[in-house]
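# Structure of the sequence below:
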Amino acid sequence: MARLVMKFGGTSVANIERIRNVARHVKREVDAGHEVAVVVSAMAGQTNQLVAWCREAAPMHDAREYDAVVASGEQVTSGLLAIVLQEMGVNARSWQGWQIPIRTDGSHGAARIAGIDGAFMVERLKQGQVAVVAGFQGIAPDNRISTLGRGGSDTSAVAIAAAIQADRCDIYTDVDGVYTTDPRIVPKARRLDRVAFEEMLEMASLGAKVLQVRSVEMAMVHGVRTFVRSSFDDPDAPQEGKDGLPPGTLICDEDELVEQQVVTGIAFAKDEAQISIRNVPDKPGVAGAVFGPLADANINVDMIVQNISPDGKTTDITFTVPESEYERAMKTLEDKRAELGFGALEGARDVVKVSVIGIGMRSHAGVAAQCFRGLAEKGINIRAITTSEIKISVLIDSAYTELAVRTLHSLYGLDG
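Coordinates of the predicted model:
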């Protein structure tokens, strides 16, 4: 017998028929003798509708009331799933974030989990009751409902799994696991059986949309074995797959990986924009003067390249920002033109960041050179480069996205 947390996203609970399918997945685990907690998102599209109503009511609305409105989507789903489970003969009860309680900080709309007391829930689980928890929500220090930001139900599930010391957190989604890259771009992409926490964290932050970044970070910190699987698989299908696990991808400690490939996957992010500041006087503090105002405006800067002129008097600084922050970043810098004394401000939105990820890169030389050579042979120009122990990211023209991803996927032997 194991203690499981099962999380179901919006597409999995989009209507009553799909909620019944989710209930069958839950009943299967209960019938197998497991203690089960379920975390659910709002029905597909419901959160968007609730957000739209808030904006229509008042563009500059109170964040606390915004949370009260948008948290209702998960409340509806958790209640409906509990009703369906009860109808199937399963002892189930719905829980809201404040009932557990999931305590958060006071950042309404994008709260971070401060702590969870799972004792009462564990007691109910031991009594054979299924806890159906509304994801995405908690309770802030002001004793009001708070929400965790988009994708927050994944974070709720992992945090609850850590709090109740679950053996595994199963994230059910509309894909059947984590792939070496997007199968829509590379049909030869294959599903990975296991991925290390570090690799998944890089993949999630660099464009892979399977899991929310904060949930992976929390799983890594607390050592929560997380399993990505499809909610659309037949609940009655055989559950024994490779290593005794059902079909899907296990995200776990590096120690659990049977074999380490040099490269695990290729990720790409299209929501990038490039900004270049030309002919900035090269003197101490220039980087701080450029990036300080962007930090003050809460604009995240990623890839940075600096080139000093031959005479050493000026420098060019190129960097990337999220595409959604491009206009604000350009205006912030333009407002500082006189102070910074730069010659020109240039930008481009038609760029994409492609990343090569793998913990095996730590112990293998020449991985970066292989990447650069492979792209050059296809005539793909690299605008900027960043590296870490387990990843190489290059910024290229967006027109070459598919060619670059396919080239690198083949180059590192990932084709299935």
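
# At which residues are the helices of the stretch 51-200 of the chain located?
Along the stretch 51-200 of the chain, counting by DSSP state H, counting those that start in this stretch, helices occupy 63-70, 72-87, 119-126, 152-163, 197-205.

# Pick the most deeply packed of those.
When the helices of the stretch 51-200 of the chain are scored by mean count of other CB atoms under 10 Å, the highest mean neighbour count falls to helix 152-163 (a mean of 28). Where you see a C-beta, it was placed from the backbone N, CA and C, and this is true even at glycine.

# what's near enough to touch the nearest residue to K7 once chain neighbours are set aside?
With sequence-adjacent residues excluded and distances taken as CB to CB, 6 or more residues apart in numbering, K7 is closest to A157, at 3.6 Å. Listed by CB atoms under 8 Å, 6 or more residues apart in numbering, the contact partners of A157 are V5, K7, V39, G135, C169, I171, S215.

# if you set the cut-off to 7 Å instead, what comes out?
Under the criterion of CB atoms under 7 Å, 6 or more residues apart in numbering, the neighbours of A157 are V5, K7, V39, G135, C169, I171.

# and those, which two are the farthest apart?
Farthest-apart pair in the contacts of A157 is G135 and C169; separation 12.0 Å (CB to CB).

# what touches both of those two?
K7, A157.

# Pick out whichever of those two has more residues nearby.
Under the criterion of other CB atoms under 10 Å, the comparison of G135 against C169 puts G135 first, with 31 against 28.

# so where's this protein uncertain?
Low-confidence segments of the chain (pLDDT under 70): 207-208, 240-243, 258-259.

# Determine the set of other helices and strands touching the strand of greatest length in it.
Looking across the chain with DSSP state E, the single longest strand is strand 265-281. When contacts are defined as 3 or more CB pairs under 7 Å, 6 or more residues apart in numbering; DSSP states H and E, strand 265-281 packs onto strand 314-322, helix 326-334, strand 344-357, helix 401-411.

# So which elements touch the very next helix or strand once past that strand?
Downstream of strand 265-281, the first helix or strand assigned by DSSP states H and E is helix 286-296. Here helix 286-296 touches helix 326-334, going by 3+ CB pairs under 7 Å, 6+ apart.

# What segments of the stretch 1-150 of the chain are strands?
If DSSP state E, counting those that start in this stretch is used as the criterion, the strands of the stretch 1-150 of the chain fall at 3-8, 35-40, 92-95, 102-104, 113-116, 130-134, 137-139, 145-147.

# Output those in JSON lines, with distance to L80 and mean neighbour count appended to each entry.
Output for those, formatted as JSON lines (distance: least, CB to CB, whole Å; neighbours: other CB atoms under 10 Å):
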{"stretch": "strand 3-8", "distance to L80": "12", "mean neighbour count": "26"}
{"stretch": "strand 35-40", "distance to L80": "9", "mean neighbour count": "29"}
{"stretch": "strand 92-95", "distance to L80": "9", "mean neighbour count": "21"}
{"stretch": "strand 102-104", "distance to L80": "20", "mean neighbour count": "25"}
{"stretch": "strand 113-116", "distance to L80": "24", "mean neighbour count": "18"}
{"stretch": "strand 130-134", "distance to L80": "9", "mean neighbour count": "28"}
{"stretch": "strand 137-139", "distance to L80": "16", "mean neighbour count": "26"}
{"stretch": "strand 145-147", "distance to L80": "19", "mean neighbour count": "28"}
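
# mind giving me JSON lines with these and columns for distance to I390?
JSON lines is the format used below for those (distance: least, CB to CB, whole Å):
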{"stretch": "strand 3-8", "distance to I390": "26"}
{"stretch": "strand 35-40", "distance to I390": "29"}
{"stretch": "strand 92-95", "distance to I390": "37"}
{"stretch": "strand 102-104", "distance to I390": "31"}
{"stretch": "strand 113-116", "distance to I390": "26"}
{"stretch": "strand 130-134", "distance to I390": "33"}
{"stretch": "strand 137-139", "distance to I390": "32"}
{"stretch": "strand 145-147", "distance to I390": "32"}
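
# Thank you, goodbye.
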